[in-house]
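**Q** Provided below are the primary sequence and the corresponding predicted coordinates.
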Amino acid sequence: MSQIALLSIPVLPLYATSKTGLRVFTQVLRTQLKNRNFNVVETLPPAVDTAMPKQLGNKGKLINANYFAKSIVASINNGKTEFAPGSNVPLLKLFSKFLPKASLNSIDK
């Protein structure tokens, strides 16, 4: 998945929609399977050092892909059902919940 699932980016409408839909599906699936011996883990990565952010011209800090993969495994081994390591995740969640239109308009500029 991606942090874009928390607050969509207008320049990537199909990508953002797919990530948001996958987030909702993951949450519903986790609820449906809560009384079974099955865990559904959601991962919301920041920009990872792969070809995609580079192709989009991302000049920001990218997280090493191997480090990120090992972090996901460690999170799962610790029983976490959501892994969202980005420092901006709490703000993204607040903005998407309480100021969705204002947030979308500010990103669109």
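**A** Looks like it came in fine. Please read all numbers here as calculations on a predicted model, not as lab measurements.

**Q** I'd like to know how many residues surround D49.
**A** Using other CB atoms under 10 Å, D49 has 16 other residues around it. For the C-beta atoms, the positions are set from N, CA and C on the backbone; glycine is no exception.

**Q** which residue packs closest to it, ignoring adjacent ones?
**A** What sits nearest to D49 in space, not counting adjacent residues and going by CB to CB, 6 or more residues apart in numbering, is L62, at 3.9 Å.

**Q** any idea how far S18 is from that neighbour?
**A** As judged by CB to CB, to the nearest Å, L62 and S18 stand 21 Å apart.

**Q** Also V40?
**A** 18 Å.

**Q** and if you look at E42?
**A** 14 Å.

**Q** Which stretches in the protein count as helices?
**A** Remark: helices assigned in the chain by DSSP state H are 13-32, 51-55, 65-77, 89-98, 100-107.

**Q** Now render those as JSON lines, adding distance to F83, mean neighbour count and mean pLDDT.
**A** Putting the helices of the chain into JSON lines (distance: least, CB to CB, whole Å; neighbours: other CB atoms under 10 Å; pLDDT from 0 to 100) gives the following:
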{"stretch": "helix 13-32", "distance to F83": "12", "mean neighbour count": "14", "mean pLDDT": "89"}
{"stretch": "helix 51-55", "distance to F83": "19", "mean neighbour count": "11", "mean pLDDT": "80"}
{"stretch": "helix 65-77", "distance to F83": "4", "mean neighbour count": "13", "mean pLDDT": "92"}
{"stretch": "helix 89-98", "distance to F83": "10", "mean neighbour count": "14", "mean pLDDT": "76"}
{"stretch": "helix 100-107", "distance to F83": "23", "mean neighbour count": "12", "mean pLDDT": "62"}
